[in-house]
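A.B. asks: Just need the structure, nothing else, for what follows:
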Amino acid sequence: MAGRSGVGARAVRQGVWGRLLRARRGVAALEAALILPVMIIFLVGFMETGWQMLTAIMLQNGAEDAARFVETGRTPKGGTCAALPDLVAEDTGGILRAALVRVSAEPQPDSTAFYTFSYTQAYFTPWMSMLLGQPAMRHSVRVLIHDNAPKACAPA
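C.D. replies: Residues are numbered from 1 along each chain as shown. Got it, this is the predicted structure:
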């Protein structure tokens, strides 16, 4: 009986911890619970970065179109200086809204002008605004344009 009690005591001692160490049920759920929040944060971060980069690229392209109009006075569809925000937002596929495009001009003495096109884009998710403490990201493009009459297209 003495031998049996020794084996039994060792089995009881190893029983709880041994079973826990050998158990494999639920490991996948535990790994998912640890990794999934990090993966979601990375995914949302990549989406947000892509969204803001796309906005910046669209603003840059729109500013180039508007600068071309200011220099030449012509657009494919016609246009006026008052329509500079519309020119910026025209070919963006709805990503930029003309009502949110701001244009300012600084005429220079040598018949050039610095035009600044700015756009405030809301974040894709509310998480980024909570993290950064601001409701939206402001994008800005500054273009030097040769303009024979810079005050003609300069917004008031």
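A.B. asks: quick one: low-confidence parts of the protein?
C.D. replies: Scanning the chain for pLDDT under 70 picks out the ranges 1-14, 16-17, 19-21, 23, 74-80, 147-156.
A.B. asks: how about the helices of it, start to end?
C.D. replies: 2-22, 27-72, 84-89, 126-132, 150-153 (DSSP state H).
A.B. asks: Point out the most buried one among the ones you listed.
C.D. replies: Each of those was scored by mean neighbour count; the highest is helix 84-89, a mean of 24, by mean count of other C-beta atoms under 10 Å. In this view, the C-beta of every residue, glycine as well, is placed from N, C-alpha and C.
A.B. asks: which outside residues touch it?
C.D. replies: Counting by C-beta atoms under 8 Å, 6 or more residues apart in numbering, helix 84-89 makes contact with 59, 62-63, 65-66, 69-70, 75, 79, 96-99, 101-103, 117, 119, 153, 155, all of which sit outside it.
A.B. asks: Excluding chain neighbours, give the residue nearest to the residue positioned nearest the centre of the chain in space.
C.D. replies: The chain has Q52 as the residue nearest its centroid, 2.7 Å off, counting by C-alpha atoms, centre = their mean. With C-beta to C-beta, 6 or more residues apart in numbering as the criterion, Q52 has its nearest non-adjacent residue at 5.5 Å, and that residue is M137.
A.B. asks: Please name the residues that touch that neighbour.
C.D. replies: Here M137 is in contact with Q52, T55, T120, Q121, Y123 (criterion: C-beta under 8 Å, 6+ apart).
A.B. asks: what would the residues you listed look like in TSV with distance to S129?
C.D. replies: Shown next, in TSV, are the contacts of M137 (distance: C-beta to C-beta, whole Å):
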residue	distance to S129
Q52	12
T55	15
T120	12
Q121	11
Y123	5
